[in-house]
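Trainee: Here's a sequence, model it:
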Amino acid sequence: MATIKLKGLGINQFGGMVPYGNVTTLRATLETDATGAAVRANVTTPLGIGDKVYLQMLPEGFRLEDAQTIVSTALTAAVTGSLGFEYADGVDDAAVPQDAAYFGAGIVLNATGRVRTASSKAPVTLAKEAFLVLTIAGAANAKVGRVDVVVHGERLGAQ
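Mentor: Alright, predicted model coming up:
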């Protein structure tokens, strides 16, 4: 299982630059090349089952409200994924533990379409800086693809 970090984490952010809260949208794009590997990443091997793709940084004090996964160029047949978060320091918080499937599991990445968060999990406020993580499941990827993820929430500032 590889850990894949896209280059330029945190650059696709706009707004919400005040500590007392603001509605914010954070975007991330996963593009894969003809071998199935993530473009602009720290590794060049194709995405495999169990691989974690670190898509974006989520700031401390960010209240997670919703996410949308947009597959405009499908990945290989049977590829699915889980979308969640993992703290940058890798250590759980007692009140808000890391959740690899916070926004959903079994998200279809092998067909074009838009998928909103389908889970009934309550909104949470991140105790510290975290990564938005897509965990690959179902099958390895072996083709060109594009998946955009849009996360909506509020910047409430450090608690």
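Trainee: for the protein, what spans make up the strands?
Mentor: Remark: strands assigned in the chain by DSSP state E are 3-5, 13-14, 23-32, 52-58, 62-73, 80-87, 99-108, 113-116, 124-125, 130-137, 145-155.
Trainee: I'd like the distance from the fourth one to the chain centre, please.
Mentor: Going back to what we said before, that points to strand 52-58. 5 Å (Cα atoms, centre = their mean, to the nearest Å).
Trainee: do the same with the third one
Mentor: Strand 23-32 sits 8 Å away from the centroid of its parent chain (Cα atoms, centre = their mean).
Trainee: do the same with the fifth one
Mentor: A distance of 8 Å separates the centroid of the chain from that of strand 62-73, by Cα atoms, centre = their mean.
Trainee: I'd like to know which elements that strand is packed against.
Mentor: With contacts taken as 3 or more Cβ pairs under 8 Å, 6 or more residues apart in numbering; DSSP states H and E, strand 62-73 sits against strand 80-87, strand 99-108, strand 113-116, strand 124-125, strand 145-155. Glycine gets a C-beta too; all of them are placed from N, C-alpha and C.
Trainee: closest to residue 51 out of the ones you listed?
Mentor: strand 80-87 (9.5 Å; Cβ to Cβ).
Trainee: ok, that closest one: who's next to it in the sheet?
Mentor: Using DSSP bridges, strand 80-87 pairs in its sheet with strand 99-108 (antiparallel), strand 130-137 (antiparallel).
Trainee: Give me the mean pLDDT for the last one.
Mentor: What that stands for is strand 130-137. The pLDDT scores in strand 130-137 average 98.
Trainee: and the angle for that strand with strand 23-32?
Mentor: 40 degrees (axes from the mean of the first three to the mean of the last three Cα atoms, to 10 degrees).
Trainee: One more: the longest one?
Mentor: Strand 99-108 and strand 23-32 meet at an angle of 60 degrees, taking the same axes, to 10 degrees as the criterion.
Trainee: Quick check: buried residues in strand 99-108?
Mentor: Under the neighbour-count criterion of 16 or more other Cβ atoms under 10 Å, strand 99-108 has 99, 101, 102, 103, 104, 105, 107, 108 buried.
Trainee: Could you list the low-confidence segments of the protein?
Mentor: The model of the chain has pLDDT under 70 over residues 8-21.
Trainee: For the buried residues of strand 99-108, give me CSV that also has distance to residue 71.
Mentor: Putting the buried residues of strand 99-108 into CSV (distance: Cβ to Cβ, whole Å) gives the following:
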residue, distance to residue 71
99, 22
101, 18
102, 19
103, 14
104, 13
105, 16
107, 9
108, 7
